[in-house]
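Colleague: Model the structure of this input:
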Amino acid sequence: MNLDFGAEFLGNRFFIVVVFALCAMPYALCCFFLVDVFYPMLYALCSMQRIQRHQLEALYRKYNRREYVHPDPLEFLYRYPDLRDREIAGMAAAALAYGRVQQIIKSVAAVLVPMGASPFRFVMESGDAGIHSVLNGFVHRFATGEGMARLLIGIRGMVEQYGTLKDAFRMQMPPEHGNILPALKGFCRQVTGASGGDLGHLLPLPERGSACKRMNLFLRWMVRNDDVDPGGWDDIPASALIIPLDIHMHRVGQALGFTKRKQADMQTALEITEGFRQVAPEDPVRYDFVLTRPGIRGDMGGKGFPV
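Modeller: Residues are numbered from 1 along each chain as shown. Here you go, the predicted structure:
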């Protein structure tokens, strides 16, 4: 091809528009499915009758499988049979669970791989300088190596004081607990204090109104135990968990009539959790995975939804 002709061709606006449209097509199709297919199905279901547990159980049996986890930062936790490693890896992975999922996977790997086979041993045996050195230059959207290093230092402080993160969290649970919110507040404050300062978006404080989606996601991973969630925190009841509230679960909660709130904050998360508690009181976040995965994967269409 003649270079002058090629430059003229590449500069053609129509060509640029076509290329842009082709690149954007997968995203557009995903948005079409969510907005025009999946969520309307939920609204249609709710207009017909109140959601029934057997309908959600049908989804759970079909889609709550490890084969549907990828891509998700949760998959890193499967590498660690030792609970002490899993809980540290889980907190690090959850802290980075925002943005494009493929970038999340790369960023979580960039943090965990340098720790070797045992994140517990790395965190407990490395000094502050060693942790900062390993994470020097790390960036994930708003997160920096400095922030992640301070989070790990805060985690180390908690383990030094309580033995495990599980015990640290359990000590914050009040005798009479309707949900984990009091424990979540105390736990986040203590990790923040042990880290040497405010950790910002890496560990939001519940008392500021944040839905704390990523911490509630971490707690779902650690407390529940099934084909998807590896569990390990057996002393914390699943009945006390709070829904990890993201845009997908917010829309699901509105569709099911569990909330009318437009702001995705802690109050909205509590309202949606209470709605699911009426369906599954012993495990209100049981259906979180199967109801939010269609927003991430394109192979979990509405065929299994009981409408």
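
Colleague: what bits of this protein have low per-residue confidence?
Modeller: Along the chain, segments meeting pLDDT under 70 span 1-50, 295-307.

Colleague: and stretch 271-291, how far apart are its ends?
Modeller: Length of stretch 271-291, first residue to last, Cα to Cα, to the nearest Å: 17 Å.

Colleague: Could you tell me how far it lies from the centre of the chain?
Modeller: 16 Å (Cα atoms, centre = their mean, to the nearest Å).

Colleague: And for stretch 269-289?
Modeller: Computed by Cα atoms, centre = their mean, the chain-centroid distance of stretch 269-289 equals 16 Å.

Colleague: How about stretch 69-85?
Modeller: Remark: stretch 69-85 is offset 13 Å from the chain centroid, using Cα atoms, centre = their mean.

Colleague: Check stretch 132-151 too.
Modeller: 19 Å.

Colleague: repeat for stretch 101-113
Modeller: The answer for stretch 101-113 is 14 Å, by Cα atoms, centre = their mean.

Colleague: Which residues does it contact?
Modeller: Stretch 101-113 has contacts (Cβ atoms under 8 Å, 6 or more residues apart in numbering) with 71-73, 76, 89, 92-93, 96-98, 119, 135, 138, 140-141, 143, 148, 296. (Glycine included, C-beta is placed from N, CA and C.)

Colleague: 7 Å - rerun?
Modeller: Residues from elsewhere that reach stretch 101-113, judged by Cβ atoms under 7 Å, 6 or more residues apart in numbering: 71-73, 76, 89, 92-93, 96-97, 119, 135, 138, 140, 148, 296.

Colleague: Those residues, buried ones only, as a ChimeraX selection?
Modeller: Entered in ChimeraX, the line below selects the buried ones among these, by 16 or more other Cβ atoms under 10 Å:
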select :72,73,76,89,92,93,96,97,119,135,138,140,148,296
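
Colleague: wait, what's in contact with residue 268?
Modeller: Contact analysis of residue 268 by Cβ under 7 Å, 6+ apart lists 211, 245, 250, 259, 261.

Colleague: Can you tell me which of the residues you listed are buried?
Modeller: By neighbour count, with 16+ other Cβ under 10 Å, the contacts of residue 268 hold 211, 245, 250, 259 as buried.

Colleague: the strands in the chain, which residues?
Modeller: Ranges of strands within the chain are 139-140, 143-144, based on DSSP state E.

Colleague: Buried deepest among these, which one?
Modeller: Ranked by mean neighbour count under mean count of other Cβ atoms under 10 Å, the strands of the chain are led by strand 143-144, which reaches a mean of 19.
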